[in-house]
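Colleague: here is a sequence with its predicted model. Questions after.
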Amino acid sequence: MRATEGNRRVRTWRKMGVFIAAAVLALSVIGSGTILGATPTWPVGHGTDSFATPQPASGASSSAVSAGAKVGFFEWLRNDDSSNISQLYMTATTTPSATVAGAQWTIKDSSGAVVRSGTCPTATPLACSFGALNSTQTVYVVVAFTTSANLADGTIQGVEFDFSATGTPPGKNKSHGDVVPLTDSVTVTKNGDAAGDFNFDQTSITVADNQKLTGKNQQATSATVGGSLTGVSVGDSPDLTTPCDSTLTSGFPSWFSCSLLTSLTSAIEVGNGKTFNNASGGPGIEVKVSFSQGPNQLNGATPFVYHYWVDASGAHAELVTELCTYDAGNLPTNTNPCLTPGNKLVTVWLFHNGGMRF
């Protein structure tokens, strides 16, 4: 009898265990609303086009930023769920700590038409409120941070963006809402051979590396472009290279040879590869390169600049030989990239990114 009673007790405890587990599961479902019923489809990514293929690996405004300068991050979230998001928020955490310099956002429908836009408070930590995000709509966010001036060369400035339906900031108990994280980063430079910055709301931006020419610093580079929300970085380290071969130069004049290139590389990044025109329709990126000892060809009968860049269609190169002609506002009216050579200084006007040699 005692054995039988013991078996009954075991069976009874098993039944109670199943009942308790079921009750806990039911309570958890009730307590979490619809979260456990279905996972919402809210893809996130970098850049300015949520439908672009392939998607960029980062939304940083440039691949490098100077310590103490600004960097922009372009990020997005798209509501691919069948239900609307009644209220959407975003916060950000930076590692190392960085100060919010500004943030703005735009919501677009599936055709790309703007639904509405706004700004986030310029306060640290970042807290943005977007209102409702209906099904098929995308919110695009641009956030600018000022990095610490004390960061060492090569430091990785990281950031995590948290999109949330829980409130501002997302609750510590994330079971009360959906939180979708998105991480990004940029490399910090703190040396004379590189510099980077971001223009959040000014009308133009100029970025320059160490302009003092010495035996160790034989080349200096600066770049200027008009427009806001534009990242610019420049560099002319001896470690930089610019590809040059017979495939890239197949359409060049017969007199050209890659062996004629004697300078260091001046690398320019502007606006993540966008095309820039000036107010006269000509090239919109002004690049100035100075030398401790200028290449002889810049003072010759046919001065030239070798310009290499990579875009979605592959690698390209062009030989810039056209001299710039300027309007009354000192902007080139040329329809092609152009240059103005000088004594140990050359000014080159370009439409887009690239590495240059002389």
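Modeller: On my side now, so go ahead.
Colleague: poorly predicted segments of the stretch 1-150 of the chain, please.
Modeller: Low-confidence regions of the stretch 1-150 of the chain, defined here as pLDDT under 70, cover residues 1-39.
Colleague: now the helices for it?
Modeller: Listed in chain order, the helices found in the stretch 1-150 of the chain under DSSP state H, counting those that start in this stretch are 2-31.
Colleague: tell me which stretches of it form strands.
Modeller: Using DSSP state E, counting those that start in this stretch, the strands found in the stretch 1-150 of the chain span residues 44-46, 64-66, 70-78, 85-95, 99-108, 114-119, 127-133, 138-146.
Colleague: quick one: closest of those strands to S246.
Modeller: S246 lies closest, by CB to CB, to one member of the strands of the stretch 1-150 of the chain: strand 64-66, at 31.2 Å. Heads up, the C-betas are built off the backbone N, CA and C, glycines and all.
Colleague: figure out which of the strands of the stretch 1-150 of the chain is closest to P303.
Modeller: Using CB to CB as the criterion, the shortest distance between P303 and these is 29.4 Å, found for strand 64-66.
Colleague: name the strands paired with the closest one and say parallel or antiparallel.
Modeller: Using DSSP bridges, strand 64-66 pairs in its sheet with strand 179-189 (parallel).
Colleague: which residues sit against the strand it pairs with?
Modeller: 42, 44-46, 58-67, 71, 73, 75, 77, 147, 151-164, 166, 170, 195-196, 235 (CB atoms under 8 Å, 6 or more residues apart in numbering).
Colleague: hang on, the earlier thing: for I268, find the nearest of the strands of the stretch 1-150 of the chain.
Modeller: Closest approach to I268 among the strands of the stretch 1-150 of the chain is made by strand 64-66 (12.1 Å; CB to CB).
Colleague: circling back: of the contacts of strand 179-189, just the buried ones, PyMOL syntax please.
Modeller: Those of those that meet the burial criterion (16 or more other CB atoms under 10 Å) are gathered into one PyMOL selection, given here:
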select buried, resi 42+44+45+46+58+59+60+61+62+63+64+65+66+67+71+73+75+77+147+151+155+157+159+161+162+163+164+166+170+195+196+235
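Colleague: quick one: closest of the strands of the stretch 1-150 of the chain to A315.
Modeller: Taking CB to CB, strand 64-66 is the member of the strands of the stretch 1-150 of the chain nearest to A315, at 20.9 Å.
Colleague: what does that closest one rub up against?
Modeller: Contacts of strand 64-66 (CB under 8 Å, 6+ apart): 71, 147, 157, 186-190, 194-198, 207, 231, 233, 235.
Colleague: repeat the analysis, applying 10 Å as the threshold.
Modeller: Under the contact criterion CB atoms under 10 Å, 6 or more residues apart in numbering, strand 64-66 has outside partners 71-72, 145-147, 149, 151, 153-154, 157, 186-191, 194-198, 207, 209, 231-235, 267, 269.
Colleague: can I get the strands of the stretch 1-150 of the chain in CSV with distance to D311?
Modeller: What follows is the strands of the stretch 1-150 of the chain, written out as CSV (distance: least, CB to CB, whole Å):
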stretch, distance to D311
strand 44-46, 17
strand 64-66, 19
strand 70-78, 17
strand 85-95, 30
strand 99-108, 24
strand 114-119, 26
strand 127-133, 31
strand 138-146, 22
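Colleague: N299 is nearest to which of those strands?
Modeller: Ranking the strands of the stretch 1-150 of the chain by proximity to N299 (CB to CB) places strand 64-66 first, at 32.3 Å.
Colleague: mind listing what the closest residue to G45 other than its chain neighbours touches?
Modeller: Across the structure, with CB to CB, 6 or more residues apart in numbering as the measure, the residue nearest G45 apart from its sequence neighbours is Q55 (4.9 Å). In this structure, Q55 makes contact with P43, G45, H46, G47, D49, W76, judged by CB under 10 Å, 6+ apart.
Colleague: hmm, N199 is touching V142, no?
Modeller: No. Proximity of N199 to V142 does not meet the contact threshold set by CB atoms under 10 Å, at 11.2 Å.
Colleague: spell out which residues are contacts of both of the two.
Modeller: S61, G72, S228, L229.
Colleague: quick check: the first one touching S228?
Modeller: Right, S61. No. Using CB under 10 Å, S61 and S228 do not qualify as a contacting pair, with a distance of 11.4 Å.
Colleague: need the overlap of contacts for those two.
Modeller: Listed as contacting both S61 and S228 by CB under 10 Å, 6+ apart are V142, F198, N199, F200.
Colleague: quick one: T146 and V100 touch, right?
Modeller: Yes. With contact defined as CB under 10 Å, T146 reaches V100; the gap is 8.0 Å.
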